[in-house]
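Peer 1: how would this look folded up:
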Amino acid sequence: MLRLRNQLERFSELTGAAIAWLTILMVLCTFIVVVLRYAFDLGWIALQESITWMHAAVFMLGAAYTLKEDEHVRVDIFYRRMPGRRKAIVDLIGTLVFLLPVSIFLAIASWDYVATSWSIQESSREAGGLPYPFVPVLKSLIPATAAFLILQAAANLITAILVITGRIPSEPEHDVPQGEVI
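Peer 2: Next up, the predicted model:
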């Protein structure tokens, strides 16, 4: 079970590393758009749109990595003071009651939306915007995000079960400076 968890988490780490490179590419494209616009008075709609699409991809594909690193948004009023085993119980319940159902719903609800985009060969609405297949590829990131979250949820469930049963130690307590947690 531990090996499976490690493989699932490694997948999230690789995704996070790829997203880091995509972020650098997004910054480079933004720089190019600014130089073209203000130095040469040129606009390149497709490049401008690609920045928006990359930004969306960073957030969607980075969600599972963020979850793996435990950097997602949460209200830590009680959680941060809990011992490791109790945190594992809260994580187990939260994953089963919230994360998995929402991720499964997202995958199912987006399926027809994405399939329609592919079937009509959707392209940008803007003249000079991104051609087919960029829009369907971006929309395909919605169920992909759900799938990545489900995989990371499985890793989190395994971790929580192993901590609760005492097969692995809980994560070391994080020292949180006063005023940092909202």
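
Peer 1: look at A147 and report its pLDDT.
Peer 2: pLDDT, A147: 97.

Peer 1: nearest residue to it other than its sequence neighbours?
Peer 2: Leaving aside its chain neighbours, A147 sits nearest to A107 (6.5 Å; criterion: CB to CB, 6 or more residues apart in numbering). From N, CA and C alone the C-beta is placed, and that goes for glycine too.

Peer 1: give me the element the one you found is part of.
Peer 2: A107 belongs to helix 100-119 when elements are defined using DSSP states H and E.

Peer 1: check R125 too.
Peer 2: For R125, there is no helix or strand it lies in under DSSP H and E.

Peer 1: tally of neighbours for F134?
Peer 2: 17 (other CB atoms under 10 Å).

Peer 1: wait, what's in contact with it?
Peer 2: Going by CB atoms under 8 Å, 6 or more residues apart in numbering, F134 touches 50, 53, 123-124.

Peer 1: how about T30: what's its closest non-neighbour residue?
Peer 2: I51 (5.6 Å).

Peer 1: surely the one you found meets V27?
Peer 2: No: using CB atoms under 8 Å, I51 makes no contact with V27, being 9.2 Å away.

Peer 1: distance of V73 relative to A153?
Peer 2: Distance, V73 to A153, using CB to CB, to the nearest Å: 16 Å.

Peer 1: looking at these two, which is more packed in?
Peer 2: A153 (23 against 7).

Peer 1: number of residues surrounding W21?
Peer 2: Other residues within reach of W21 by the criterion other CB under 10 Å amount to 9.

Peer 1: with the one 3 residues further on instead?
Peer 2: For I24, the tally of surrounding residues (other CB under 10 Å) stands at 9.

Peer 1: use 351 as the first number from now on
Peer 2: Shifting the count to begin at 351 puts that one at I374.

Peer 1: so which strand or helix has it?
Peer 2: Assigned by DSSP H and E, I374 falls within helix 352-390.

Peer 1: average pLDDT across the helix or strand that that helix is followed by?
Peer 2: Using DSSP H and E, the helix or strand that follows helix 352-390 towards the C-terminus is helix 395-418. Here helix 395-418 scores 92 as its mean pLDDT.

Peer 1: would you mark the buried spots in helix 395-418?
Peer 2: 398-401, 403-404, 407-408, 410-418 (16 or more other CB atoms under 10 Å).

Peer 1: measure how it sits relative to helix 450-469, angle-wise.
Peer 2: 160 degrees (axes from the mean of the first three to the mean of the last three CA atoms, to 10 degrees).
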